[in-house]
Structures are given as C-alpha cells and as structure tokens.
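>>> Build me a structure from this.
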Amino acid sequence: MKGDVYDIIYLVGVQELGYGFQQLDQAAKTKVINFASMYLMKFMDHDQRREIRGQYDDDEELEEQFYRKAIIRYFQSRKIFES
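Model (predicted):
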C-alpha cells in the first residue's frame with residue numbers, strides 16, 4: 001500500500017485510540033494500524049465493497065481503494081470535509 005494511505009490509516013488509529021503526541025513502540029504501532037484498519041471498514045457497507053471489488057483485479061490495488069473510500073467516508077462522518 002502506498003505511504004500516504006498507510007500514514008492516514010495510522011493517524012486515524014492514533015486519533016481514535018487517543019494516543020496523541022507520544023512515542024509508540026512497535027507493538028503499539030501494530031495495534032494502532034490493526035485497530036484503524038478494522039475501524040475504517042465500518043464506514044463501508046457490503047454493497048460499496050462489492051462495487052469496488054468489481055473494478056479491480058489486483059488485490060493490492062483493491063485493498064488501497066477500499067481504504068481510500070473508507071478514509072473519505074470517515075472524514076465526511078467527522079465533518080472534516082464534505083463532498
């Protein structure tokens with residue numbers, strides 16, 4: 001996955017878990033990424049996932065698109081930006 005998507009996933013996890021500005025060890029970073037990955041997927045319903053799945057053959061590209069759409073929906077739900 002590209003760095004920009006991965007970085008945003010990480011920051012969403014830090015925000016939602018309330019870590020703020022602190023040093024995290026590798027175990028905590030893994031926890032943050034895993035939590036954020038699952039948390040972001042709640043912003044995508046089954047039909048939206050199926051629609052994206054039909055558009056991409058490459059699994060890596062498919063995963064990145066899932067996260068991109070979920071990140072957009074996350075920011076919309078937080079009223080950070082509207083589309």
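
>>> wait, doesn't Glu82 sit right on Gln76?
Yes: counting by C-beta atoms under 8 Å, Glu82 sits close enough to Gln76 to count as a contact (6.2 Å). Backbone N, C-alpha and C define where each C-beta goes, glycine included.

>>> ok, the two, which is more surrounded?
Neighbour count, other C-beta atoms under 10 Å: between Glu82 and Gln76, Gln76 has more, with 13 against 6.

>>> Helix or strand: which one has the more buried one?
Using DSSP states H and E, Gln76 sits in helix 59-77.

>>> average pLDDT for stretch 40-47?
Averaged over stretch 40-47, pLDDT sits at 89.

>>> got the buried residues for that stretch?
Leu40, Phe43, Met44 (16 or more other C-beta atoms under 10 Å).

>>> Give me the contact list for it.
Stretch 40-47 is contacted by residues Ile9, Val12, Phe66, Tyr67, Lys69, Ala70, Ile71, Arg73, Tyr74, Ser77 when judged by C-beta atoms under 8 Å, 6 or more residues apart in numbering.

>>> same thing but at 10 Å, please
Applying C-beta atoms under 10 Å, 6 or more residues apart in numbering, the contact partners of stretch 40-47 are 8-9, 12-13, 16, 49, 51-52, 66-77.

>>> out of those, which are buried?
Neighbour counting with 16+ other C-beta under 10 Å marks 8-9, 12-13, 52, 66-71, 73-75 as buried within these.

>>> So what angle separates the directions of the lowest-mean-pLDDT helix or strand in the chain and helix 59-77?
The weakest-scoring helix or strand in the chain, judged by mean pLDDT, DSSP states H and E, is helix 46-53 (a mean of 84). Angle, helix 46-53 to helix 59-77, by axes from the mean of the first three to the mean of the last three C-alpha atoms, to 10 degrees: 140 degrees.

>>> Can you give the distance from helix 46-53 to the centre of its chain?
Between the centre of helix 46-53 and the centre of its host chain there is 16 Å, according to C-alpha atoms, centre = their mean, to the nearest Å.
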